[in-house]
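Chemist: How does the following fold in three dimensions:
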Amino acid sequence: MDGEWKQKRLYPLLGIFSILLLLYFNFSDHFNFPVWLPTLGFVGTNATRFVVLEPDGPHQSTLYVNGWNSYWLMEASVWGTSRSRVSKMLRKGAEMGMTVCRTWAFNDGAGPNALQISPGVFNEKVFQGLDYVIVEARRNRLRLILSLVNNLNAFGGKAQYVRWAQEAGINVSSSTDSFFSHPTIKDYYKAYIKAVVTRKNSISGVKYSEEPAIFAWELMNEPRCESSSSAPILQAWIKEMASFIKALDQKHLVTVGLEGFYGPKTTERSDVNPGDWAAKLGSDFIQNSAIDDIDFASVHAYPDSWVPDADLEEKVNFLTRWVDFHISDGEYVLKKPVLFTEVGSLMHRKKQRLHDTDTFLKIVYNEIYNSAKKRQAGAGALIWQLLVDGMEEYGDQFSIVAWDYPSIYEMMVEQSCRLRSVFAEDQIKRELQHGDLCFGKVFNDSD
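Modeler: Residues are numbered from 1 along each chain as shown. Okay, the predicted model is just below:
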């Protein structure tokens, strides 16, 4: 009788458990279920290096980043039909050994996928899409760089903020440089920052400001001014907005989102720029990155776009100098980590173009690896950008599905492994773990 009684109690419980599993796997995109998430430490800086602050004690582990961009994650997470592809992208990135993904935390203006419909008015469904991205990143032990506004017009950008002010009857210049200077527009942006940074995730219940899966806040994607005379205004804006974020959130890093161009006052670096035009955009890598509340410097690298008429050898020489000088400036001038947050090359299926991409990526990866071996300021690189099948609508001329390009895929995995090998506490033990992505890979100083 006792056995029969246990079976009568057990079978209903198993049935309920099976139903819950069925609901979770089929409808988790539409309903919120309690989630278990791994414990992660927050990322900080120690001189010119990133460190992970372990949650269980004072121990710090050094982190050099191999990562990627997928700007489209939030928008694709708005609708349940495409959330599986977001999960796949994050899972694949983690399986490649990468640790950081940079993505948009903005979409300003009209449209069903806009996050901020008007100043301070938000689409909760889109916010829940961002919640999903953060939870999935943490589930895969990844961290996100969240960019907060675009310099470009795509997804609204600073131009949308200027239009909002004009529509409200405010006397504001039509120049988008007003974004950096007009008090009302700056208040719009501060309200947006506050709404994002202080949000409580609808899935995990964790405030963004308390979420270790967020690597850093990025003030703007590629800030530029219409007039070089606006450079002091941009500098003041960076200082003000970085300080504002730090007042709300002391646990996360802040970066600007620069392309890395040297301004006219940094005359000793003028020949490092891709052209004279780069010094006329109002930004300055040294001045902008030196602000106290900016924790690390950001740099982009697009040899195909920036020096389009150069041959391969000239592009290689440009890129090598570009990376070398920025790492050196991070080490000796800024004394902060330097993260190459976008590294892009034109992608065509022509064999020669693929060879060029391999060449450019290898240059950047080798520079970062050598920096890691020396514990210097070249703190990592993120390729622009990765897709998964079915997300082609978000592609541009620099986008790839990495596993469709074996040479690039293998190079990315190798970079993950050799960065890990530099800081492996027990190399022999790690190599014996057959399930490890990097099993059997050993790197030496001659690599």
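
Chemist: could you pull out the strands for the stretch 301-447 of the chain?
Modeler: 338-343, 378-383 (DSSP state E, counting those that start in this stretch).

Chemist: right, so the ones you listed: which one is the most enclosed?
Modeler: The highest mean neighbour count among the strands of the stretch 301-447 of the chain belongs to strand 338-343 (a mean of 28), with neighbours defined as mean count of other Cβ atoms under 10 Å. Backbone N, C-alpha and C define where each C-beta goes, glycine included.

Chemist: residues in contact with that one?
Modeler: Applying Cβ atoms under 8 Å, 6 or more residues apart in numbering, the external contacts of strand 338-343 come out as 48, 65, 69, 102, 145, 218, 255, 257, 296-302, 323, 326-327, 329-330, 360-361, 364, 368, 377-384.

Chemist: and the strands of the stretch 301-447 of the chain as CSV, adding distance to residue 179 and mean pLDDT?
Modeler: Shown next, in CSV, are the strands of the stretch 301-447 of the chain (distance: least, Cβ to Cβ, whole Å; pLDDT from 0 to 100):
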stretch, distance to residue 179, mean pLDDT
strand 338-343, 21, 98
strand 378-383, 25, 98
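
Chemist: Now do the buried residues in stretch 291-301.
Modeler: Of the residues in stretch 291-301, 291, 294-301 count as buried by neighbour count, 16 or more other Cβ atoms under 10 Å.

Chemist: before we move on, back to that, need the strands of the stretch 301-447 of the chain in JSON lines with distance to residue 205, can you?
Modeler: Output for those, formatted as JSON lines (distance: least, Cβ to Cβ, whole Å):
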{"stretch": "strand 338-343", "distance to residue 205": "29"}
{"stretch": "strand 378-383", "distance to residue 205": "29"}
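
Chemist: and residue 403, which of these is closest to it?
Modeler: Distances from residue 403 to each of those were compared by Cβ to Cβ, and the smallest falls on strand 378-383, at 13.3 Å.

Chemist: The closest one pairs with which strands, and in what direction?
Modeler: According to DSSP bridges, strand 378-383 has the following sheet partners: strand 65-69 (parallel), strand 338-343 (parallel).

Chemist: all helices in this structure, in order from the N-terminus.
Modeler: According to DSSP state H, the chain carries its helices in the segments 2-27, 73-76, 80-95, 124-139, 157-167, 178-181, 183-197, 231-248, 285-289, 303-306, 312-329, 351-373, 406-422, 427-431.

Chemist: pLDDT weak spots in the stretch 301-447 of the chain?
Modeler: Low-confidence regions of the stretch 301-447 of the chain, defined here as pLDDT under 70, cover residues 348-354, 424-435, 439-447.

Chemist: cool, the stretch 1-150 of the chain as well?
Modeler: Using pLDDT under 70 as the threshold, the predicted model of the stretch 1-150 of the chain has low-confidence ranges 1-34.

Chemist: now the helices of the chain as a markdown table including distance to residue 115 and mean neighbour count?
Modeler: Rendered in a markdown table, the data for the helices of the chain read as follows (distance: least, Cβ to Cβ, whole Å; neighbours: other Cβ atoms under 10 Å):
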| stretch | distance to residue 115 | mean neighbour count |
| --- | --- | --- |
| helix 2-27 | 24 | 10 |
| helix 73-76 | 7 | 26 |
| helix 80-95 | 16 | 18 |
| helix 124-139 | 4 | 22 |
| helix 157-167 | 12 | 20 |
| helix 178-181 | 17 | 24 |
| helix 183-197 | 9 | 18 |
| helix 231-248 | 18 | 18 |
| helix 285-289 | 26 | 23 |
| helix 303-306 | 28 | 20 |
| helix 312-329 | 32 | 18 |
| helix 351-373 | 31 | 18 |
| helix 406-422 | 30 | 19 |
| helix 427-431 | 41 | 11 |
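
Chemist: Dump these to TSV, plus distance to residue 268.
Modeler: As requested, the helices of the chain are exported to TSV (distance: least, Cβ to Cβ, whole Å):
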stretch	distance to residue 268
helix 2-27	59
helix 73-76	39
helix 80-95	38
helix 124-139	40
helix 157-167	30
helix 178-181	26
helix 183-197	33
helix 231-248	17
helix 285-289	10
helix 303-306	20
helix 312-329	10
helix 351-373	21
helix 406-422	31
helix 427-431	41
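
Chemist: between the ones you listed, which one is nearest to residue 61?
Modeler: helix 406-422 (11.1 Å).

Chemist: Now find how far off-centre that closest one is within its chain.
Modeler: Between the mean C-alpha point of helix 406-422 and the mean C-alpha point of its chain there is a distance of 19 Å (Cα atoms, centre = their mean, to the nearest Å).

Chemist: So which elements touch it?
Modeler: Based on contacts counted as 3 or more Cβ pairs under 8 Å, 6 or more residues apart in numbering; DSSP states H and E, the elements that helix 406-422 packs against are strand 65-69, helix 351-373.

Chemist: Just send the ones you listed back as JSON lines, with distance to residue 271 too.
Modeler: Supplementary listing: the helices and strands packed on helix 406-422 in JSON lines, determined by distance: least, Cβ to Cβ, whole Å:
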{"stretch": "strand 65-69", "distance to residue 271": "28"}
{"stretch": "helix 351-373", "distance to residue 271": "19"}
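
Chemist: Ok, which of those comes nearest residue 207?
Modeler: Judged by Cβ to Cβ, the one of those that comes nearest to residue 207 is strand 65-69, at 23.8 Å.

Chemist: Residues contacting the closest one, please?
Modeler: With contacts defined as Cβ under 8 Å, 6+ apart, strand 65-69 is touched by 50, 93, 97-103, 339, 341-342, 365, 368, 379-386, 412, 415-416, 419.

Chemist: tell me the angle of it relative to helix 406-422?
Modeler: Between the direction of strand 65-69 and that of helix 406-422, the angle (axes from the mean of the first three to the mean of the last three Cα atoms, to 10 degrees) works out to 150 degrees.

Chemist: Which positions within strand 65-69 qualify as buried?
Modeler: The neighbour-count criterion (16+ other Cβ under 10 Å) identifies 65-69 as the buried residues of strand 65-69.

Chemist: chain center to it: distance?
Modeler: Its chain's C-alpha centre and that of strand 65-69 lie 7 Å apart, by Cα atoms, centre = their mean.

Chemist: And for stretch 289-309?
Modeler: Relative to its chain's centre, stretch 289-309 lies at 14 Å (Cα atoms, centre = their mean).

Chemist: Quick check: end-to-end length of it?
Modeler: In terms of Cα to Cα, to the nearest Å, the two terminal residues of stretch 289-309 are separated by 30 Å.

Chemist: go on, stretch 329-342?
Modeler: One end of stretch 329-342 sits 18 Å from the other (Cα to Cα).

Chemist: let's have the chain start at 34 instead
Modeler: I'll keep to 34 as the first residue from here, and by that count the last item is stretch 362-375.

Chemist: gap between that stretch and the chain center?
Modeler: Centroid displacement of stretch 362-375 relative to its chain, using Cα atoms, centre = their mean, is 16 Å.

Chemist: Right, I'll leave it there.
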